[in-house]
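Trainee: Sharing a model that was predicted from the sequence below.
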Amino acid sequence: MKFTREQNELRSAVRAVLTHHEGATAWVPLTEAVGAAGLGVPEEYGGVGGGTLETYVVMEELGRTLSPVPYLASTILATQALVASGNARACAELLPRLSDGTAVGALAWAENGSWEPKELNARVRAGRLTGVKEHVLTGPGRPDILLVLAQGEEGPALYQVTCADSEFTPLPTMDETRPQARITFDGTPDAELLAADGERILSRVRDLACTALAAEQMGAATQALADTIEYAKNRVQFGRPIGSFQAVKHRIADLHVELEAARSLAQAAAHSNAAPHLAAAAKAACSQAYTNIAGEMIQLHGGIGITWEHQAHRHLKRAHSARLLFGAPPEHRQRLAAGLDLTPVT
C-alpha cells in the first residue's frame, strides 16, 4: 500500500522527533510541533481531522523506537472513546486538551483480567461509581481525564469521573515502557454520563485500538528483524559470519515472510478505517509475527541478547505484553470466525 506525500511527511516529522528526543521527552514535541495527538480529532474540536492511515504512520514509528509516550492510552483509547460518544459538550470541553497534549487521558475498560467482560461489575448508581478496573493504560502518573465503561441504569455506558476520587494503583508490568494501573472505585461521586450506548462505543474503540497496536507491532517487528539481520552479517563464528549459515538464512527468511504477511493485514485494517474483521485479523497476525521475531532475535543474538544494555530484551517484553493487550490472538481469531458467513457456496 502506498502512502500519500502528506503521510510520508508526517512519518519523517515523527521520526525526526523520536531521533532527537529520547523516551518520554518526545511527548511534548510530538504534540506541539507535529500535532500527532490531534490527528484523529475532528477539526471543530481543535484537531486535524485525520484517520486511521495517519494513526498507522505515527504508531509504526513509535513502535520502531519502542517509545514510552502515552499515545495509545490517550490519543487512541480516551480520545476515540470521546469521539465515538457523540457527546458534543464533552467533546468541546475535553478534546482540545487531549489533541494539544496538555492533558493525558485514559479509558478504564478491562475487568477481572479480561478485555471482554461478559457483564460489567463496575456500576453507577445515583451518580456514584463502584467497582475495579484493571490493565488501565496510563501515562507516567494519574490521567488528567479518566473515562470509565460501567454498568448504568439501562446497560453499559461511558462515564467520566475524577481520578483523584479513586484508588489508583500502578501495576508492575513486563514492559516498563507502557504503564498500567488498577483503579478501584468505592462510591466515587459525580460520575458523569457521557453516552448510554457503551457496547457500541467499546466495539468501535477496540477495533481502532487493535488497528493502531498492529501498526506499532509492525514498526517494532521491522526494526527487530533489521537489527537481527545486521548482527548476523557482522557476528563471526567458526571463521564466518553467522548469517552465511543456511540454517540462519532459512530462519530469517521465514521471519521476513511472516512479517510481510502481517504487514499486509495491518495496512488493510488501517485503510479500511478499522473494519472489525480486518482489525481482528491484523491484531492476531501482527501479535504472532512480532512475538516470533522477538523470540528469534534473542536466539540469534545469543548471550548478548539477554543483557540489559541490548534492545533485544525490550523487544521481547514489548512483544509479549502487546500480544495480550485487547485480547490474545486466539480471541481475535474466534471473533473473526464468528463474524464470517460459513455457509457453503452452491
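Mentor: That came through fine.
Trainee: In which helix or strand does the closest residue to residue 76 other than its chain neighbours reside?
Mentor: In this structure, residue 76 finds its nearest non-sequential neighbour in residue 212, 4.8 Å apart by CB to CB, 6 or more residues apart in numbering. Where C-beta positions appear, they are placed from N, C-alpha and C, glycine not excepted. Here residue 212 sits within helix 198-234, counting by DSSP states H and E.
Trainee: Residue 146 too?
Mentor: strand 145-152.
Trainee: how near is the residue nearest to residue 76 to residue 119?
Mentor: 27 Å (CB to CB, to the nearest Å).
Trainee: Okay, the most centrally placed residue in the chain and residue 141: tell me how far apart.
Mentor: What sits nearest the mean C-alpha location of the chain, by CA atoms, centre = their mean, is residue 213, with 3.6 Å. For residue 213, the distance to residue 141 equals 22 Å [CB to CB].
Trainee: burial measure for residue 189, as a count.
Mentor: 12 (other CB atoms under 10 Å).
Trainee: give the contact list for the nearest residue to residue 115 once chain neighbours are set aside.
Mentor: In space, residue 115 comes closest to residue 327 once its chain neighbours are excluded; the distance is 4.8 Å by CB to CB, 6+ apart. Residue 327 sits next to 115-116, 210, 283, 335 when contact means CB atoms under 8 Å, 6 or more residues apart in numbering.
Trainee: One more: residue 39?
Mentor: With CB under 8 Å, 6+ apart, residue 39 has these contacts: 47-48, 50, 54-55, 58, 75.
Trainee: how about the helices in this structure?
Mentor: 5-20, 27-29, 52-64, 79-85, 88-99, 198-234, 246-271, 276-301, 312-324, 329-338 (DSSP state H).
Trainee: Quick one: closest of those to residue 37.
Mentor: helix 88-99 (5.4 Å; CB to CB).
Trainee: That closest one: how far from the chain's middle?
Mentor: Mean-position distance between helix 88-99 and its chain equals 21 Å (CA atoms, centre = their mean, to the nearest Å).
Trainee: hang on, the earlier thing: save the helices of the chain as CSV, and put in mean pLDDT too.
Mentor: As requested, the helices of the chain are arranged in CSV below (pLDDT from 0 to 100):
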stretch, mean pLDDT
helix 5-20, 97
helix 27-29, 97
helix 52-64, 98
helix 79-85, 97
helix 88-99, 97
helix 198-234, 96
helix 246-271, 96
helix 276-301, 96
helix 312-324, 96
helix 329-338, 90
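Trainee: now those helices as TSV including distance to residue 168?
Mentor: Formatted as TSV, the helices of the chain follow (distance: least, CB to CB, whole Å):
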stretch	distance to residue 168
helix 5-20	29
helix 27-29	20
helix 52-64	25
helix 79-85	19
helix 88-99	19
helix 198-234	21
helix 246-271	32
helix 276-301	28
helix 312-324	20
helix 329-338	27
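Trainee: related to what we said a few turns ago, which one's more surrounded, residue 212 and residue 119?
Mentor: Using other CB under 10 Å, the more surrounded residue of residue 212 and residue 119 is residue 212, with 33 against 7.
Trainee: So the more buried one sits against residue 57, correct?
Mentor: No: using CB atoms under 8 Å, residue 212 is not in contact with residue 57, being 10.8 Å away.
Trainee: Which one of the contacts of residue 327 is nearest to residue 174?
Mentor: residue 115 (16.8 Å).
Trainee: Report the contact partners of the closest one.
Mentor: For residue 115, counting by CB under 8 Å, 6+ apart, the contacting residues are 109, 135, 206, 325-327, 331.
Trainee: Please repeat the previous calculation with a cut-off of 10 Å.
Mentor: 109, 134-135, 202, 206, 209, 324-328, 331 (CB atoms under 10 Å, 6 or more residues apart in numbering).
Trainee: Reformat the residues you listed as CSV; add distance to residue 126.
Mentor: Putting those into CSV (distance: CB to CB, whole Å) gives the following:
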residue, distance to residue 126
109, 23
134, 25
135, 28
202, 24
206, 29
209, 31
324, 36
325, 34
326, 32
327, 33
328, 37
331, 35
